[in-house]
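sequence first, predicted coordinates after that:
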Amino acid sequence: MSLNMYHILSINDSVAVALRDLAKGSKFETPKGEIVLKEEIQRGHKFALQDIPKGTNVIKYGFPIGHAFKDISKGEWVHTHNTKTNLSDTLTYKYNPMPEANHIPIDKRTFMGYKRANGKVGIRNDLYIIPMVSCVNALLDIVLQQFKALYPDNGYFDNIIILKHPYGCNQLGDDFDNTRNLLIDAVLHPNAGGVLLFGLGCETNQMSEFLDTLEKVGGPIDKTRIKHLVAQEVDDEYENALNMLQELNETASHDRRTPQPLSKLCIGLKCGGSDGLSGITANPLLGHVTDFITAQGGTSVLTEVPEMFGAETILMSHAADEATFNKIVDLINNFKDYFIKNDQPVYENPAPGNYAGGITTLEDKSLGCTQKAGRSYVTDVLKYAERVKKPGLSLLEAPGNDPVCVSAEAAAGCQMILFTTGRGNPFSSFVPTIKVSSNSPLAKKKPRWIDFDAGKLLETPMEELTDIFIQKLLDVASGEKTNNEKYNINGFTMFKTGVTV
């Protein structure tokens with residue numbers, strides 16, 4: 001229900017969303033009668049379609065996004081000054097599956113990828129330089145400089161990325177296990193054409209134990225692809241590292257892209273710096289892409305668990321079976337317990353930029369965020385630092401923090417990240433990241449950040465723009481560089497949960 005001025009997401013909604021800045025006194029004929037705006041409404045913000053009495057729910061997406069804590073009149077701005085979240089503690093849930101997912105035909109298109117010995121497929125042939133501990137981070141910059149002096153165009157690698165992190169020593173229990181497991185995930189990533197593991201020697205994350213665990217998880221180590229060095233054990237760590245990188249480069253010289261089926265694609269779904277249009281344009285677009293990828297036998301991964309709060313019953317209804325439903329319940333309630341144990345409210349979200357962009361409560365944010373799941377069945381639920389095991393839609397345990405989320409998705413095996421944003425966010429992980437703007441002004445303002453403009457959905461049919469976006473995705477999978485690759489913007493951020501001694 002859109003006049004290119006406002007949008008109503010469900011016939012049951014009590015609010016509409018402004019698609020552009022609307023002046024005070026603007027008049028609209030809506031399904032609920034004539035509306036006269038009582039004040040200016042900025043793009044992405046909401047106005048009331050009817051009187052909303054104090055204590056009653058505010059409805060958007062057909063669901064409550066909170067309640068009015070004062071009377072709201074028809075045509076009035078609806079935001080944090082008059083609306084408050086309904087969220088509180090953990091809940092009990094009932095399994096109520098949706099009738100069926102969308103039926104999408106098999107697509108015979110392929111992408112050009114790198115087939116690995118274990119059957120996985122990479123969309124890049126990248127070189128990862130991975131520190132075992134933060135103490136050696138600065139040394140790796142010198143190692144890379146030496147290699148680039150010999151191979152200014154990266155040799156036979158598509159990208160060379162140092163996975164810097166601040167950990168690897170003085171960690172205990174699960175916190176240390178998460179660090180080690182996430183690094184192992186990166187070593188085994190299908191986009192990795194070569195890996196140099198660089199240790200110091202005295203850290204908790206000992207190289208010998210790391211390699212033993214790596215072999216248990218990933219099978220025999222391919223020594224032509226994975227090299228390791230402990231700085232305290234050699235006289236010249238730079239010379240040794242450079243020799244190893246040259247050997248990895250020689251191995252990569254034999255790699256070639258070959259046609260691969262769409263079932264080999266694994267994509268991560270993320271939103272950051274969201275605004276009031278994210279749940280109308282960019283996130284629903286990714287939902288259609290998710291439905292397409294999973295219908296081809298591929299995999300999508302959705303995370304940001306706190307941004308499922310308030311919309312979790314929708315995801316639970318997507319569970320492929322009751323066992324998966326129970327895993328989703330545990331995922332949601334365990335993360336709420338994480339907040340509660342740390343004496344923090346579970347609804348302490350959205351961020352200031354979200355509020356400025358028109359998002360009012362966590363339910364408002366979550367109902368927009370989960371649009372990225374489309375109507376795909378949830379086939380698995382992953383713990384933090386676990387890798388993808390099944391095709392379909394997986395939910396991954398991680399917080400809402402953008403760098404932590406995309407790093408976790410990449411480590412889980414996602415070959416690329418689809419990242420929607422309404423306010424703008426330059427961060428990307430160590431895999432190609434397609435940044436999707438929710439509005440066209442952002443795409444025009446930040447062309448070095450944004451790869452695709454979903455704001456065009458205000459003028460272009462969803463089916464048409466979905467087809468265009470899917471082709472963009474396949475082009476990136478086949479080697480087209482994203483902005484984060486062009487400008488060498490990447491990072492690797494871990495979820496710190498435990499004690500540092």
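Arrived safely, thanks for sending.

for the helix or strand harbouring residue 353, which outside residues touch it?
Under the criterion of DSSP states H and E, residue 353 resides in helix 352-356. Residues outside helix 352-356 that contact it (C-beta atoms under 8 Å, 6 or more residues apart in numbering) are 79, 80, 273, 274, 275, 365, 423. Heads up, the C-betas are built off the backbone N, CA and C, glycines and all.

again, only using 6 Å
Counting contacts by C-beta atoms under 6 Å, 6 or more residues apart in numbering, the residues outside helix 352-356 that touch it are 273, 274, 423.

and if you look at stretch 14-26?
So stretch 14-26 is contacted by 5-8, 37, 39-43, 45-50, 52, 58-60, 78, 276, 458 (C-beta under 6 Å, 6+ apart).

filter these down to the buried ones, ChimeraX style.
Typed into ChimeraX, the line below selects the buried ones among the contacts of stretch 14-26, using 16 or more other C-beta atoms under 10 Å:
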select :6,7,8,37,41,42,43,45,46,47,48,49,50,52,58,59,60,78,276,458
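
which of the contacts of stretch 14-26 fall in strands?
Among the contacts of stretch 14-26, the members found in strands (DSSP state E) are 6, 7, 46, 47, 48, 58, 59, 60, 78.

pLDDT and distance to residue 169 added to those, as a markdown table?
Formatted as a markdown table, the entries for those read as follows, by pLDDT from 0 to 100; distance: C-beta to C-beta, whole Å:
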| residue | pLDDT | distance to residue 169 |
| --- | --- | --- |
| 6 | 96 | 55 |
| 7 | 95 | 51 |
| 46 | 98 | 49 |
| 47 | 98 | 54 |
| 48 | 98 | 55 |
| 58 | 98 | 49 |
| 59 | 98 | 51 |
| 60 | 98 | 47 |
| 78 | 98 | 50 |
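
make JSON lines from those residues and add distance to residue 439 to it.
Supplementary listing: these in JSON lines, determined by distance: C-beta to C-beta, whole Å:
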{"residue": "6", "distance to residue 439": "14"}
{"residue": "7", "distance to residue 439": "12"}
{"residue": "46", "distance to residue 439": "16"}
{"residue": "47", "distance to residue 439": "18"}
{"residue": "48", "distance to residue 439": "23"}
{"residue": "58", "distance to residue 439": "23"}
{"residue": "59", "distance to residue 439": "23"}
{"residue": "60", "distance to residue 439": "18"}
{"residue": "78", "distance to residue 439": "20"}
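
tell me the one of those residues nearest residue 380?
When the ones in strands among the contacts of stretch 14-26 are compared for distance to residue 380 (C-beta to C-beta), residue 60 comes out closest, at 29.6 Å.

returning to that earlier point: what is the nearest of the ones in strands among the contacts of stretch 14-26 to residue 463?
Residue 463 lies nearest to residue 7 out of these, by C-beta to C-beta, at 17.9 Å.

who's the closest residue to the closest one other than its chain neighbours bridged to?
The shortest distance from residue 7 to any residue that is not its chain neighbour, by C-beta to C-beta, 6 or more residues apart in numbering, is 4.9 Å, and that residue is residue 17. With DSSP bridges applied, the residues forming beta bridges to residue 17 are residue 7, residue 46.

for residue 17, give its distance to residue 475.
32 Å (C-beta to C-beta, to the nearest Å).

neighbour count winner among these two?
Looking at residue 17 and residue 475 with other C-beta atoms under 10 Å, you find the greater number of neighbours at residue 17, namely 23 against 13.

wait, residue 394 sits on residue 386?
No - judged on C-beta atoms under 6 Å, residue 394 makes no contact with residue 386 at a distance of 9.1 Å.

okay, the two: which has more neighbours?
residue 394 (28 against 19).

now that one: which helix or strand?
strand 392-396.

between the helix or strand that comes right after that strand and strand 392-396, how big is the angle?
Beyond strand 392-396 on the C-terminal side, the first helix or strand identified by DSSP H and E is helix 402-411. Angle of helix 402-411 versus strand 392-396, following axes from the mean of the first three to the mean of the last three C-alpha atoms, to 10 degrees, is 130 degrees.

after helix 402-411 comes which helix or strand?
strand 416-421.

got the angle for that following strand vs helix 402-411?
With the same axes, to 10 degrees defining the directions, strand 416-421 sits at 160 degrees from helix 402-411.

chain center to strand 416-421: distance?
Shown here is strand 416-421, whose average C-alpha point lies 6 Å from the average C-alpha point of the whole chain (C-alpha atoms, centre = their mean, to the nearest Å).

tell me what the next helix or strand after it is packed against?
Using DSSP H and E, the helix or strand that follows strand 416-421 towards the C-terminus is strand 433-437. If contacts are counted by 3 or more C-beta pairs under 6 Å, 6 or more residues apart in numbering; DSSP states H and E, strand 433-437 sits against strand 416-421.

in its sheet, what does the strand it packs on sit against?
strand 266-271 (parallel), strand 433-437 (parallel).

wait, which of the contacts of helix 352-356 is closest to residue 245?
Sorting those by how near they are to residue 245, with C-beta to C-beta, puts residue 273 at the top with 35.8 Å.

which ones are touching the closest one?
With contact taken as C-beta under 6 Å, 6+ apart, residue 273 is in contact with 353, 421, 423, 424, 425.

next one: phi and psi at residue 202?
For residue 202, the backbone dihedrals are phi -110, psi 0 (criterion: degrees, to the nearest 10).
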